[in-house]
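1. sequence below, structure please.
(chains A, B and C)
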Amino acid sequence: MERLSDTFFARPTLEVARDLLGRWLVHEHPCGVRLIGRIVETEAYRQDDPAFHGWRLVDPETGQVRPQGRAYDLFAPPGTAYVYLNYGMYWLLNVVTEPEGVGGAVLIRAVEPLEGLTFMQKQRPRARRPHELTGGPGRLTMAFDIDGRYHRRPLTCPPLYFAAGEPVSDALVATSGRIGLSRGNDLPWRFFVRNSPYVSPAFRG
DNA sequence: ACGAGGATGCTCT
DNA sequence: GAGCATCCTCGTG
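-> Numbering: from 1, shown residues only, chains lettered A, B, ... in the order given. Predicted coordinates for the structure are as follows:
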């Protein structure tokens, strides 16, 4: 299966978020297990967006970027991992988009487990229903054993990368506002596969 | 099925 | 010290 390269990610963030649906997230785990999930839910974050972590780094007048703090990693080369710990407990996996120096990222919110289910279930012993295993940005990182050690590493080569998979047709794609934000909820920058059992029921639309 | 509340640590003010 | 790009448990219906 062909890997997605940096040219895939060096595009407008909304385009990448939409196009990642149906692609595969692959983790060749150090212990020898290969984990694969088909992406069914994403969210786009752009540098002109108040919900974007690096929002304050951009001068609204000049467009100049202040290279400071962790959020500056969102301006890294396309295809770089931005792995963020939120609520002190959950790692969230993003892939950096746009050309280097332009801010942007796509949050991977849910995948459909395709390979390595035994490992994933061991990671998530409480999961009972299908969507509880890998549905939700914090859940999928637990299932795939992804944490801060991947922050700033390329997602264009093993051990953690994206594979071409099969794109999803427009008829099967839905959009909505992004989830869990206090600002920028009005922007329809969440993309998900319609009626997927692997998207949380409350957010299936 | 759904809503409220708590856990918990990092970043920036 | 506030504010989180969340998840789980335990109430109620």
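
2. now chain A against DNA strand C: closest residue?
-> Residue of chain A nearest DNA strand C, by C-beta to the nearest atom of the strand: A:Gly180 (2.0 Å). For glycine as for every other residue, the C-beta is placed from the backbone atoms N, C-alpha and C.

3. quick check, pLDDT for that residue.
-> pLDDT, A:Gly180: 94.

4. now do the one 5 residues further on
-> At A:Asn185 the predicted local distance difference test score is 90.

5. likewise for A:Leu107?
-> Reported pLDDT for A:Leu107: 98.

6. contact partners for it?
-> By C-beta atoms under 8 Å, 6 or more residues apart in numbering, the contact set of A:Leu107 is A:42-43, A:45, A:92-94, A:137.

7. can you check A:Met120 too?
-> Counting by C-beta under 8 Å, 6+ apart, A:Met120 makes contact with A:35, A:113, A:133-134, A:143-144.

8. if we can go back for a sec, distance check, the residue of chain A closest to DNA strand C against A:His131.
-> 17 Å (C-beta to C-beta, to the nearest Å).

9. which one's more surrounded, those two?
-> A:His131 (22 against 10; other C-beta atoms under 10 Å).

10. who are the packing partners of the helix or strand harbouring that one?
-> Element membership of A:His131 [criterion: DSSP states H and E] is helix A:130-134. Here helix A:130-134 touches strand A:104-115, helix A:117-123, helix A:137-144, going by 3 or more C-beta pairs under 8 Å, 6 or more residues apart in numbering; DSSP states H and E.

11. quick one: contacts of the last one?
-> Under the criterion C-beta under 8 Å, 6+ apart, residues A:25, A:27, A:35, A:37, A:83, A:86, A:89-93, A:107-111, A:113, A:120, A:123-124, A:127, A:132-134, A:146-147 lie in contact with helix A:137-144.

12. near DNA strand B, which of the residues you listed show up?
-> A:86, A:89 (C-beta under 7 Å from any atom of the strand).

13. give me the buried subset of the contacts of helix A:137-144.
-> A:25, A:27, A:35, A:37, A:83, A:91-93, A:107-111, A:113, A:120, A:123-124, A:127, A:133-134, A:146 (16 or more other C-beta atoms under 10 Å).

14. what does the pLDDT read for A:Ala202?
-> For A:Ala202, pLDDT reads 88.

15. and it, which of the three is it?
-> helix (DSSP: H, G, I helix; E, B strand; the rest coil).

16. then the helix holding A:His131 to CSV, C-alphas only?
-> Taking Å, rounded to 0.1, in the frame of the first residue of the first chain, the C-alpha atoms of helix A:130-134 are listed here in CSV:
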residue,chain,number,x,y,z
PRO,A,130,-17.6,-0.7,18.1
HIS,A,131,-17.1,3.0,18.3
GLU,A,132,-15.7,2.8,21.8
LEU,A,133,-12.5,1.2,20.6
THR,A,134,-11.2,3.9,18.2
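
17. done for today, thanks.
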